[in-house]
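Enquirer: this one's sequence-less:
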């Protein structure tokens, strides 16, 4: 099969199962440029929201640590206290910023490909150590695209950085003449502006990279027509297996149906091709079909009925009408109420005669409604059961 597939072009779109299997292996579309852009954007927004507060608190930390008292200078343990306090202050100041960055790093993959946790992706593979495959990747279309992206990102970010520095060169030089607090605040504003402009540059790169990654992943996941056929066989099962399953299901359904025949009130036959077992009591709205079948199944129904002393009534038109217009567990059609009622009345009369004695009643001629004449077939035909079924009413 592999040899056949190797000669075919992958022209078919990947199936959901193919994509799901690939995701389990860690093969999902990914854009590093998009992730970088999201992190930069979150960092810029974080500086806008928290920059002033961080710089103000950082000023206080610097004052505390760089202006020790005379007693602290001659205390050998003061250095550890200042160091510990600086760590606590640093975590407190930068904790919200790092928390937002961590959240952004976790949510960024959801924008394309979603989360994917796969042990197969991190398993070591000897094939990855093959230098020839490594060279092929470098000179492949994807490798070329990665090189172009890296160069474009470098030149674009460099151009933005140079432009920002050149425009704000006077402000950068003026930082040295400002007070510490003013310089820190001013530096925060300049850094935030640089972040925002760099993020704009990365948005351009990500806007180009995301469609390419989606296209490249889809191309890798494409399938040959033979692979699609093989997957359908594996998913839906081979025809011979499906046929065997259907046969077992029919046998199980027939076995359950036969269990209901002993509780039937009557079995209507025609007399060889069809048999329909009916049950009725005062709690039912209408008589119920508890078993039905043709040919061999009909013979089994008649046999079970005879073994359990369930009355067989030979009424060919009604037997055909019931067989073609009902299913197991269904009530009889409204149009057949009268015909079935005549049969049930006849059955109850027979039971009464058998119990109390008297003259045996004559089987009535069932009154079939209009539209059911097509079921009155000649019973001298074959018993193969291959007759074309009339349309159900």
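Expert: Perfect, thanks for sending it. Every value quoted in this text rests on a predicted model; they were computed, and no experiment measured them.
Enquirer: quickly find the element holding residue 313.
Expert: Element membership of residue 313 [criterion: DSSP states H and E] is strand 311-314.
Enquirer: how many neighbours does residue 183 have?
Expert: Neighbours of residue 183 under the rule other CB atoms under 10 Å: 16. Heads up, the C-betas are built off the backbone N, CA and C, glycines and all.
Enquirer: so which residues of the stretch 251-393 of the chain form strands?
Expert: For the stretch 251-393 of the chain, strands defined by DSSP state E, counting those that start in this stretch occupy the ranges 266-269, 274-279, 288-294, 311-314.
Enquirer: what is the mean pLDDT for the third one?
Expert: Looking at strand 288-294 alone, the average pLDDT works out to 88.
Enquirer: centre of the chain to that strand, how far?
Expert: How far strand 288-294 lies from its chain's middle: 39 Å, per CA atoms, centre = their mean, to the nearest Å.
Enquirer: same deal with stretch 99-118?
Expert: Once both centres are worked out by CA atoms, centre = their mean, stretch 99-118 turns out to sit 21 Å from its chain's centre.
Enquirer: what of stretch 193-213?
Expert: Mean-position distance between stretch 193-213 and its chain equals 32 Å (CA atoms, centre = their mean).
Enquirer: over to stretch 352-364 now: how far is its first residue from its last?
Expert: Terminal residues of stretch 352-364 lie 16 Å apart, using CA to CA, to the nearest Å.
Enquirer: which residues sit against the strand holding residue 313?
Expert: For strand 311-314, the surrounding residues in contact (CB atoms under 8 Å, 6 or more residues apart in numbering) are 265-271, 302, 305-306, 343, 346-347, 350, 363.
Enquirer: quick one: which of the residues you listed sit in helices?
Expert: Counting by DSSP state H, the contacts of strand 311-314 place 302, 305, 306, 343, 346, 347, 350 in helices.
Enquirer: can you put those in CSV and add distance to residue 74?
Expert: Conversion of the ones in helices among the contacts of strand 311-314 to CSV gives the following (distance: CB to CB, whole Å):
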residue, distance to residue 74
302, 115
305, 113
306, 116
343, 118
346, 122
347, 118
350, 122
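Enquirer: for PyMOL, what selects the buried ones among those?
Expert: Selection of buried members from the ones in helices among the contacts of strand 311-314 for PyMOL, criterion 16 or more other CB atoms under 10 Å:
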select buried, resi 302+305+343+346+347+350
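Enquirer: and which of the ones in helices among the contacts of strand 311-314 is nearest to residue 85?
Expert: Taking CB to CB as the measure, residue 85 lies nearest residue 305 of the ones in helices among the contacts of strand 311-314, at 95.8 Å.
Enquirer: surely that closest one touches residue 260?
Expert: No: using CB atoms under 8 Å, residue 305 and residue 260 do not qualify as a contacting pair, with a distance of 11.0 Å.
Enquirer: about what we covered before: ok, which of the strands of the stretch 251-393 of the chain comes nearest residue 38?
Expert: The nearest among the strands of the stretch 251-393 of the chain, by CB to CB, is strand 288-294 at 64.4 Å.
Enquirer: tilt between the closest one and strand 274-279?
Expert: In terms of direction (axes from the mean of the first three to the mean of the last three CA atoms, to 10 degrees), strand 288-294 departs from strand 274-279 by 170 degrees.
Enquirer: for strand 288-294, buried residues please.
Expert: By 16+ other CB under 10 Å, the buried positions in strand 288-294 come out as 288, 289, 290, 291, 292, 293, 294.
Enquirer: where is the longest helix in this protein?
Expert: If you go by DSSP H, the chain has its longest helix at helix 180-221.
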